[in-house]
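A.B. asks: sharing a sequence plus its predicted fold:
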Amino acid sequence: MLPVLMLIVILALLAIGVPIAFTLGVTALLFLVVNADISLGLVLQQLYLGTNSFPLLAIPLFMLAGSLMNHGGISKRLINFALSIIGMVRGGLGMVNVMASVFFGAITGTAAGASAAVGQIMIPAMKEKGYSASFSAAITSAGSSLGIVIPPSVPMILYGSISGLSVANLFLTGVPIGIAIAIGYMIVVYIISIRKNYSYTEQPFTFNLFFKTFIGALPAFLVPVAILGGIMSGFATPTESAAIAVLCGIIAGVIYKELTWKGFIDALNESVINTALVMFIVATAKILGYSFSALGIGQQMLAPLMQNSESPIILMLIASLILFIGGFIFDGTVMVLVIVPLFLPLVQATAIDPLQFAMVVIIVWAIGQQTPPVASGLYITTAIAKVSMLQVSRYNIWFILVLFCALMGMIYFPGVMLYIPNLLIQ
């Protein structure tokens with residue numbers, strides 16, 4: 001009964017416009033005061049413990065690195081480089097949009113950051129070349145989810161902080177899976193572009209243009225190289241790599257001569273605001289998770305699942321369904337911090353590979369970014385393209401299908417999906 005009442009209170013507070021962080025904190029506090037004899041000082045301690053984690057220190061640093069890149073002239077150079085590779089193919093500009101999302105996913109670490117950075121440049125450019133506004137917004141929104149799967153991924157940092165898994169291993173697992181999803185996206189773009197007869201550039205591929213744009217974009221590649229290179233070599237932890245990424249962002253901005261003092265201050269302000277939003281949700285979600293434990297709600301919710309604990313596939317399908325439904329209500333951060341900890345004991349008690357379950361959660365999070373009403377990626381791109389969410393969803397459903405195929409592959413064929421990541425980790 002308590003889980004239902006808590007859900008009703010959460011939905012009621014969200015319906016009247018209470019911010020998600022306050023909704024979680026108020027709900028947890030209300031039910032703890034009414035149903036448990038617990039000191040409020042202990043609740044405040046949980047609020048502090050929610051953010052007192054060394055891996056979480058990487059979040060503000062990666063956000064700052066992403067903001068510095070956005071203000072340092074990275075966007076057009078990365079896009080010009082992508083155009084030199086694939087701009088001459090039917091639907092090439094749409095594929096460039098996907099490739100730009102891959103690059104920015106490896107810089108910003110968030111879906112919102114990638115969609116804003118890519119969307120402001122690619123959506124107007126695609127509309128100018130005859131692509132429909134809704135198709136342009138759909139590609140950008142879908143591509144932004146790559147920021148969740150491809151490192152440095154803030155969701156992976158959060159998952160590592162609550163599960164105890166190595167963030168470095170999560171990063172290395174996300175690289176090939178994110179690239180595979182991006183290839184799936186480009187296939188969808190190509191098929192739709194042929195059906196709609198969208199134009200493409202007449203300029204053929206030349207090594208001269210390729211090397212020219214590559215040299216121009218080279219400083220931008222410092223960030224992902226520094227991050228993954230530092231982690232794989234053992235030279236730096238993910239948190240230390242985040243600090244190196246900030247330094248690389250400053251260096252790239254200076255080399256391009258586009259990172260002004262005002263841009264630097266704006267980048268600091270953006271990263272502080274975005275970090276505060278994420279960390280406040282992390283802190284209040286910790287209180288809600290604590291209330292689940294103190295009131296025995298976790299055991300009540302998991303009791304029916306224990307009957308299927310001997311079947312890893314069924315367990316992951318049920319977990320995916322619950323997380324997917326949660327994605328209609330909550331931001332992915334809340335799902336990972338509140339719902340996922342309920343499943344971790346079951347994962348540990350079964351034969352499920354912890355990295356397999358982690359990627360199932362991350363992919364479901366990516367799907368949640370594309371499904372209204374939460375869908376932060378859709379909100380940003382529809383605002384830029386000036387189209388309705390319904391118009392964009394007609395195209396976006398095909399990109400969601402790619403993510404769904406990746407999810408089913410991770411559940412049913414983990415050996416195939418994790419083959420390359422296991423080679424990288426070893």
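C.D. replies: That came in fine, so what should we check first?
A.B. asks: by average pLDDT, which secondary structure element in this structure comes out worst?
C.D. replies: helix 297-306 (a mean of 63; mean pLDDT, DSSP states H and E).
A.B. asks: that one: what's the following helix or strand?
C.D. replies: helix 312-327 (DSSP states H and E).
A.B. asks: so how far is that next one off the chain centroid?
C.D. replies: Between the centre of helix 312-327 and the centre of its chain there are 18 Å (Cα atoms, centre = their mean, to the nearest Å).
A.B. asks: contacts for it, please.
C.D. replies: Surrounding helix 312-327, the residues in contact under the criterion Cβ atoms under 8 Å, 6 or more residues apart in numbering are 305, 308-309, 334-335, 339-340, 343, 346-347, 350-352, 356-357, 360-361, 364-365, 367-368, 371, 374, 407, 411-412. In short, each C-beta sits where N, CA and C put it, glycine included.
A.B. asks: and L56, how many residues sit next to it?
C.D. replies: By the measure other Cβ atoms under 10 Å, the count of residues near L56 is 20.
A.B. asks: so for the nearest residue to it once chain neighbours are set aside, what's the pLDDT?
C.D. replies: If you skip the residues right next to it in sequence, L56 has S161 as its closest partner in space, 5.4 Å away by Cβ to Cβ, 6 or more residues apart in numbering. The pLDDT attached to S161 in the predicted structure is 83.
A.B. asks: tell me how many other residues surround S161.
C.D. replies: As a measure of burial, S161 has 22 neighbours, counting by other Cβ under 10 Å.
A.B. asks: equivalent analysis for I322, please.
C.D. replies: Other residues near I322 number 18, with proximity taken as other Cβ under 10 Å.
A.B. asks: against T333, how distant is it?
C.D. replies: Using Cβ to Cβ, to the nearest Å, we find I322 at a distance of 16 Å from T333.
A.B. asks: which stretches in the stretch 101-250 of the chain count as helices?
C.D. replies: In the stretch 101-250 of the chain, helices defined by DSSP state H, counting those that start in this stretch lie at 111-128, 133-144, 146-149, 154-163, 167-196, 207-217, 222-233, 238-256, listed in chain order.
A.B. asks: let me know which of those helices is the nearest to V416.
C.D. replies: The closest approach between V416 and any of these, judged by Cβ to Cβ, belongs to helix 167-196 at 10.3 Å.
A.B. asks: tell me the buried residues in that closest one?
C.D. replies: Within helix 167-196, the residues that count as buried by 16 or more other Cβ atoms under 10 Å are 167-178, 180-182, 184-186, 188-190, 192-193.
A.B. asks: what do you get for stretch 216-229?
C.D. replies: Using 16+ other Cβ under 10 Å as the burial criterion, the residues of stretch 216-229 that qualify are G216, A217, P219, A220, F221, L222, V223, P224, A226, I227, L228.
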